[in-house]
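[1] What follows is a predicted structure for the sequence shown.
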Amino acid sequence: MTATQYLSDWRPFPFEILETRLEFRLDPNATRVRSQIDFRRLEQGDLVLDGVGLKTLSLAINGQALDLSLIREAEGKLIVPAVSLPDSFTFEAEVQIDPEANTALEGLYLSGGIFCTQCEAEGFRHITWYPDRPDVMAPFTVTVHSDMPVLLSNGNPVSVESGKAVWQDPWKKPAYLFALVAGDLRAIPDSFTTMSGKHVDLNVWVRPGDEPRAGYAMESLIRSMKWDEEAYGREYDLDVFNIVAVDDFNMGAMENKGLNIFNSKLVLATAETATDGDYERIEGVIGHEYFHNWTGNRITCRDWFQLCLKEGLTVFRDQQFTSDMRSAAVKRIHDVQTLRARQFREDAGPLSHPPRPDHYQEINNFYTATVYEKGAEVIGMLKRLIGDDQYRKALDLYFDRHDGQACTIEDWIKVFEDATCRDLTQFKRWYTDAGTPRLSMTEKWADGALTLDFAQHTAATPGQPDKPARVIPVALGLIGPNGDEVLPTTVLEMTEGQQSFRFDGLGARPVVSLLRGFSAPVTVAREVTADEQALLLAHDTDPYARWQAGHDLALDGLIARSNGDEGGAEFIRAIGGVLDDAEADPAFAALCLALPGDEEIATTIAASGTVPDPDAIHAARRALTLDIAKAHSDALSRLYDAMAPRGPYQPNADGSGRRSLRLACLAYLSRLDNAGRAAALFAEAENMTERQGALEQLIAAGRDQQALAAFEAEFRDNRLVMDKWFMVQPLRAASDQAVARATELAKRADFDWKNPNRFRALIAGLTSNHAGFHAADGSGYDFLADWLMRLDPVNPQTTARTCSAFETITRYDAGRQAKAKAALQRIAAMPGLSRNTSEMVTRILA
Ligand code: 0A1
Ligand code: ZN
């Protein structure tokens with residue numbers, strides 16, 4: 001059994017660090033790390049340092065050798081008793097580590113011959129002995145000895161010569177923001193002049209040959225730096241800013257001070273190799289990591305329970321950035337889709353936890369949609385409640401008051417209370433309580449007055465049986481029967497379990513446009529007719545609410561069909577209006593045309609207390625797609641042609657909007673022409689967006705052999721593009737063939753499963769094929785369990801994260817549940833299972 005960490009157990013570290021000096025002698029198998037750490041006592045207590053997997057060569061305090069028996073190997077601690085310590089002292093250590101053997105990709109490791117680091121959350125302890133906790137901050141000086149041509153660390157370069165580089169980071173930082181890179185790299189150089197006129201050298205570092213693919217990343221960085229000055233008044237604070245792309249990385253990217261390290265898929269892009277979605281993510285994640293410089297680095301977290309302090313805020317900021325760079329309406333709808341697909345799903349199952357959890361076994365299991373995306377929604381609610389000006393005032397106060405500190409959610413809330421003179425005690429429940437509230441609304445209409453009765457209810461979640469009422473900002477508008485808006489957006493503040501609001505003086509009964517802009521992360525239960533939904537889809541002034549009305553209409557039709565009833569006729573009719581106006585806003589029309597996915601249909605059915613049948617859902621979706629295609633073939637075909645490229649590829653909102661509409665039409669038309677247009681598009685497309693879109697339709701139609709071979713022949717040497725090839729096959733294969741397809745692909749020599757991108761491509765391709773993964777014979781579950789058991793000894797973090805594919809299993813029928821549980825129990829019984837995976841499997845099985 002591994003120990004659980006509790007928020008209530010946090011105690012301050014009894015020392016401060018005046019400076020940390022590190023000296024690395026890099027070697028693939030025997031890297032030497034010498035450290036000198038200047039400590040000063042703040043209060044009584046032992047010196048407790050963290051270290052895992054270190055070969056300790058020497059330890060000393062003020063030059064006096066320490067006994068190696070102070071190391072408690074099993075706990076990963078070095079404990080020097082308080083009595084043997086003066087008030088100020090220098091701790092010195094020399095350790096040896098083996099980067100090449102580091103397949104877990106935590107600490108110092110090798111990726112394709114490049115030395116790189118990943119220290120969040122607790123990776124630094126794999127590098128040397130240190131108080132590896134975010135509230136211990138220090139300036140660092142780092143010397144790197146290596147014959148690699150490029151040697152990088154945090155901060156500013158002090159001296160760079162052949163074989164040796166010295167870097168100094170003047171800003172105090174915790175160990176998790178440490179980074180080092182050494183390799184044969186090439187830079188895309190540029191520069192930025194900050195708002196106070198400071199010159200900053202910028203570099204995006206890639207492997208030789210990849211330079212032409214890094215331009216968009218650099219442009220995105222410059223846009224991010226400018227935006228943070230304009231939107232938040234935040235200026236960059238070092239002479240250089242480096243970004244490095246590596247192929248082996250457990251997550252998307254990392255905000256190390258002055259030296260961001262990125263998964264190469266979030267840096268490298270050309271029109272021929274990256275999709276519009278890839279470009280948008282690159283811009284968003286470059287922004288995210290850059291914005292962390294203030295929200296995460298200058299102000300960090302006191303402990304890992306406070307992770308959403310930096311992540312929720314930084315996601316919120318990157319979402320604002322993307323809305324400003326692209327279409328705000330489309331971005332909001334995308335964000336809502338992501339939140340529902342990932343966070344609502346998490347909240348409805350055994351892994352549900354609050355944005356600020358109060359216990360964990362393995363912190364790496366808490367880099368979740370709840371901490372990130374819900375953490376961002378909570379800030380969006382705060383902003384909606386207090387308004388834009390007060391929000392800016394509160395953020396200014398946050399930066400002023402807490403610069404250089406390691407903070408808590410309490411500090412964050414207090415800033416808003418002080419800036420706005422509001423009591424946010426009840427609002428804080430969004431941080432401490434898990435679960436998605438269900439907001440129900442019923443209407444009463446009499447004598448020109450509309451009364452809306454609201455009720456909120458949050459179901460129990462693991463460890464939290466009772467759920468007091470939360471503050472819910474309910475943004476709504478009213479649309480008259482002729483389509484005119486009779487009440488513009490109004491924010492109601494719901495604070496009770498049940499509450500009524502009345503609107504008087506209305507001429508005719510209006511339709512309520514509810515939860516405009518998705519004003520709170522709740523599910524909605526309301527009485528609404530198909531005609532009212534169609535009216536909102538046609539006339540609502542709020543783009544999110546318009547889209548949601550159409551989406552709900554489609555969802556109702558799909559659920560009816562999956563139960564064997566008639567359904568979808570109203571959606572088929574209403575979508576005709578969307579097609580007529582589609583050219584005015586292609587991206588929005590594409591979103592309206594896309595039917596809810598199988599997973600979302602299953603979630604909705606499960607939320608109503610019924611057991612979803614993956615095969616019936618899939619069949620219903622296919623049937624409705626075909627009926628829509630037949631009903632609107634002319635309009636779809638006309639739009640498909642109208643959205644053909646009009647000039648060179650541009651990865652911007654306009655260009656990607658046109659392509660998304662074109663591909664939305666193609667998905668329908670492929671059902672009528674047996675993917676004939678898709679075959680033509682695959683052959684002639686000059687960009688990856690259309691190429692991959694066409695390939696997906698060819699796979700779905702079972703006409704993919706030639707295209708897959710051509711794709712492979714063209715991109716065999718491009719890892720990122722081949723990841724797409726591995727992903728789309730199990731994803732788009734017919735559900736009864738998905739597991740077989742994944743099994744065949746996994747046998748290939750180029751299924752380099754130790755690379756997280758390649759592993760995830762194949763596995764997530766399958767687990768995202770809802771009916772394929774949930775095959776009634778349990779083959780999907782067994783396939784996943786086999787691969788998780790294989791990967792766990794190599795890379796526990798990626799294994800544990802992938803376990804969440806099982807988090808929905810209790811929704812399904814007894815047969816599927818039994819098979820999934822057997823697969824999970826097989827994993828649980830594996831000798832030597834990592835703490836990461838063990839925690840996930842135990843929580844899911846609980
Ligand atoms: N702070 C990073 C996310 C991150 C977390 C853990 C990592 O390694 C295990 C890597 C990156 C971010 O929010 O982008
Ligand atoms: Zn982040």
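    It's in. Ligands and ions are numbered 1, 2, ... in the order given.
[2] For G435, which three-state class applies?
    Under DSSP: H, G, I helix; E, B strand; the rest coil, G435 falls in the coil class.
[3] For it, give me its contacts.
    Shown in contact with G435 (Cβ atoms under 8 Å, 6 or more residues apart in numbering): 347, 352, 458-461, 464, 467. Glycine gets a C-beta too; all of them are placed from N, C-alpha and C.
[4] Of those, which belong to helices?
    Counting by DSSP state H, the part of these found in helices is D347.
[5] Of the contacts of G435 - the most surrounded one?
    Neighbour counts for these, by other Cβ atoms under 10 Å, peak at D347, which reaches 25 neighbours.
[6] Just the pLDDT for the spatially closest residue to that residue that is not a sequence neighbour.
    Leaving aside its sequence neighbours, D347 sits nearest to T436 (Cβ to Cβ, 6 or more residues apart in numbering; 4.6 Å). T436 carries a pLDDT score of 98 in this model.
[7] Contact partners for T436?
    Counting by Cβ under 8 Å, 6+ apart, T436 makes contact with 343-344, 347-348, 458, 521-523.
[8] Kindly reformat the contacts of G435 as JSON lines and extend each row with distance to V158.
    Formatted as JSON lines, the contacts of G435 follow (distance: Cβ to Cβ, whole Å):
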{"residue": "D347", "distance to V158": "48"}
{"residue": "S352", "distance to V158": "48"}
{"residue": "T458", "distance to V158": "54"}
{"residue": "A459", "distance to V158": "57"}
{"residue": "A460", "distance to V158": "56"}
{"residue": "T461", "distance to V158": "51"}
{"residue": "Q464", "distance to V158": "51"}
{"residue": "K467", "distance to V158": "54"}
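[9] just the contacts of G435 now: which is nearest ligand 2?
    Sorting these by distance to ligand 2 puts D347 at the head of the list, at 20.2 Å, by Cβ to the ion.
[10] any idea how far the residue of the chain found nearest ligand 1 lies from R760?
    Nearest residue of the chain to ligand 1, counting by Cβ to the nearest ligand atom: M251, 3.6 Å away. As judged by Cβ to Cβ, to the nearest Å, M251 and R760 stand 11 Å apart.
[11] now the end-to-end length of stretch 592-600.
    15 Å (Cα to Cα, to the nearest Å).
[12] typo on my end, it should be stretch 491-509
    20 Å.
[13] circling back: now the residue nearest to D347. Its backbone dihedrals?
    Main-chain torsions, T436, degrees, to the nearest 10: phi -100, psi 120.
[14] Same check on F262?
    phi -120, psi 140.
[15] How about A525?
    Main-chain dihedrals, A525, degrees, to the nearest 10: phi -120, psi 120.
[16] what do you get for the one 3 residues further on?
    For V528, the backbone dihedrals are phi -150, psi 140 (criterion: degrees, to the nearest 10).
[17] Tell me who's in contact with it.
    511, 552.
[18] Can you give me the distance of it to A446?
    19 Å.
[19] and A93, what helix or strand is that in?
    Here A93 sits within strand 88-97, counting by DSSP states H and E.
[20] What is that strand packed up against?
    Where contact means 3 or more Cβ pairs under 8 Å, 6 or more residues apart in numbering; DSSP states H and E, strand 88-97 is packed against strand 31-41, strand 55-61.
[21] what about these, which gets the closest to ligand 2?
    The closest of these to ligand 2 is strand 31-41. By Cβ to the ion, the value is 26.5 Å.
[22] which residues in the stretch 201-350 of the chain form helices?
    Listed in chain order, the helices of the stretch 201-350 of the chain (DSSP state H, counting those that start in this stretch) span 215-232, 276-291, 307-325, 328-338, 345-347.
[23] Turn these into TSV, including distance to ligand 2.
    Putting those into TSV (distance: least, Cβ to the ion, whole Å) gives the following:
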stretch	distance to ligand 2
helix 215-232	13
helix 276-291	6
helix 307-325	5
helix 328-338	15
helix 345-347	17
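[24] could I get these as CSV with mean pLDDT and distance to D504?
    What follows is these, written out as CSV (pLDDT from 0 to 100; distance: least, Cβ to Cβ, whole Å):
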stretch, mean pLDDT, distance to D504
helix 215-232, 99, 39
helix 276-291, 98, 44
helix 307-325, 99, 35
helix 328-338, 98, 31
helix 345-347, 97, 37
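[25] Those residues of the stretch 551-700 of the chain touching ligand 2, which are they?
    With Cβ under 5 Å from the ion as the criterion, the stretch 551-700 of the chain does not come near ligand 2 at any residue.
[26] any low-confidence regions in the stretch 551-700 of the chain?
    Regions of the stretch 551-700 of the chain meeting the criterion pLDDT under 70 are absent.
[27] tell me the helices in it, going along the chain?
    Using DSSP H, counting those that start in this stretch, the helices of the stretch 551-700 of the chain run over residues 569-581, 586-593, 598-607, 614-631, 633-642, 653-672, 676-684, 688-700.
[28] Tabulate these in JSON lines, adding columns for distance to L514 and mean neighbour count.
    As requested, the helices of the stretch 551-700 of the chain are exported to JSON lines (distance: least, Cβ to Cβ, whole Å; neighbours: other Cβ atoms under 10 Å):
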{"stretch": "helix 569-581", "distance to L514": "18", "mean neighbour count": "18"}
{"stretch": "helix 586-593", "distance to L514": "18", "mean neighbour count": "24"}
{"stretch": "helix 598-607", "distance to L514": "17", "mean neighbour count": "22"}
{"stretch": "helix 614-631", "distance to L514": "25", "mean neighbour count": "19"}
{"stretch": "helix 633-642", "distance to L514": "29", "mean neighbour count": "17"}
{"stretch": "helix 653-672", "distance to L514": "26", "mean neighbour count": "22"}
{"stretch": "helix 676-684", "distance to L514": "38", "mean neighbour count": "18"}
{"stretch": "helix 688-700", "distance to L514": "33", "mean neighbour count": "24"}
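[29] Tabulate these (TSV), appending distance to L487.
    Below are the helices of the stretch 551-700 of the chain laid out as TSV (distance: least, Cβ to Cβ, whole Å):
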stretch	distance to L487
helix 569-581	23
helix 586-593	23
helix 598-607	28
helix 614-631	33
helix 633-642	33
helix 653-672	30
helix 676-684	44
helix 688-700	40
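[30] Please name whichever of those helices is nearest to S84.
    Closest to S84 of the helices of the stretch 551-700 of the chain, according to Cβ to Cβ: helix 598-607, at 58.0 Å.
[31] Give me the contacts around that closest one.
    For helix 598-607, contacts defined as Cβ under 8 Å, 6+ apart pick out 340-341, 344-345, 348, 523, 555, 558-559, 562, 596, 611-612, 614, 617-618, 620-621, 768, 770-771, 808, 811.
[32] Now the buried members of those.
    The neighbour count (16 or more other Cβ atoms under 10 Å) marks 340-341, 344-345, 348, 523, 555, 558-559, 562, 596, 612, 614, 617-618, 620-621, 768, 770-771, 808, 811 as buried among the contacts of helix 598-607.
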